[in-house]
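Asks: Following is a predicted model, sequence given first.
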Amino acid sequence: MRKAATRGGESEKDGSGRRYWVHANPAEPQTPSAGGAKRPPKARFLEPYRLTDDCRLALLDCLHAAGVGDPESRDLFATAVEYDIASFRQSCAGTALGAAPQPVCERATEPRA
């Protein structure tokens, strides 16, 4: 370490004559060790698994028949289901389950008029 010179050795703040210490060679920025375990990069955005029009309508019809929410909240729920399905498919993509099977969607109720 060495002392930093400021106006003839006087402090600029209070005139006490104190000198400030600085490192002559700044420390190297710390980097994680090469042998340490690194986290796999995470995707910041997950593309939702889009339900087919028939599947989405069947889900919305079931919610409507049960008297759940209003049209906007039911649509929001269906969108949340699409993201949950995509999250599940992503989490099981590398497991023994392999790729998730293609969806089979049957109408639970008659379509709305």
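Replies: Now that the structure is in, tell me what you want to look at. Numbers count the residues shown, from 1 in each chain.
Asks: A58 should be in a strand, yeah?
Replies: No: using DSSP: H, G, I helix; E, B strand; the rest coil, the assignment for A58 is helix, not a strand.
Asks: give me the element Q90 is part of.
Replies: Using DSSP states H and E, the element containing Q90 is helix 71-91.
Asks: Keeping just the C-alphas, turn that helix into CSV.
Replies: What follows is helix 71-91, C-alpha atoms only, in CSV (Å, rounded to 0.1, in the frame of the first residue of the first chain):
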residue,chain,number,x,y,z
PRO,A,71,-65.4,-14.5,-18.8
GLU,A,72,-62.2,-12.5,-18.2
SER,A,73,-61.1,-14.5,-15.2
ARG,A,74,-61.9,-17.8,-16.9
ASP,A,75,-59.8,-16.7,-19.9
LEU,A,76,-57.0,-15.8,-17.5
PHE,A,77,-57.2,-19.2,-15.8
ALA,A,78,-56.9,-20.9,-19.2
THR,A,79,-53.8,-18.9,-20.0
ALA,A,80,-52.3,-19.8,-16.6
VAL,A,81,-53.0,-23.5,-17.4
GLU,A,82,-51.1,-23.1,-20.7
TYR,A,83,-48.0,-21.8,-18.8
ASP,A,84,-48.3,-24.6,-16.2
ILE,A,85,-48.4,-27.2,-18.9
ALA,A,86,-45.3,-25.6,-20.6
SER,A,87,-43.5,-25.6,-17.3
PHE,A,88,-44.3,-29.2,-16.7
ARG,A,89,-43.2,-30.2,-20.2
GLN,A,90,-39.9,-28.4,-19.7
SER,A,91,-39.2,-30.0,-16.3
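Asks: Show me what it is in contact with.
Replies: For helix 71-91, the surrounding residues in contact (Cβ atoms under 8 Å, 6 or more residues apart in numbering) are 43, 46-51, 56, 59-60, 63-64, 68-69, 99-100. Heads up, the C-betas are built off the backbone N, CA and C, glycines and all.
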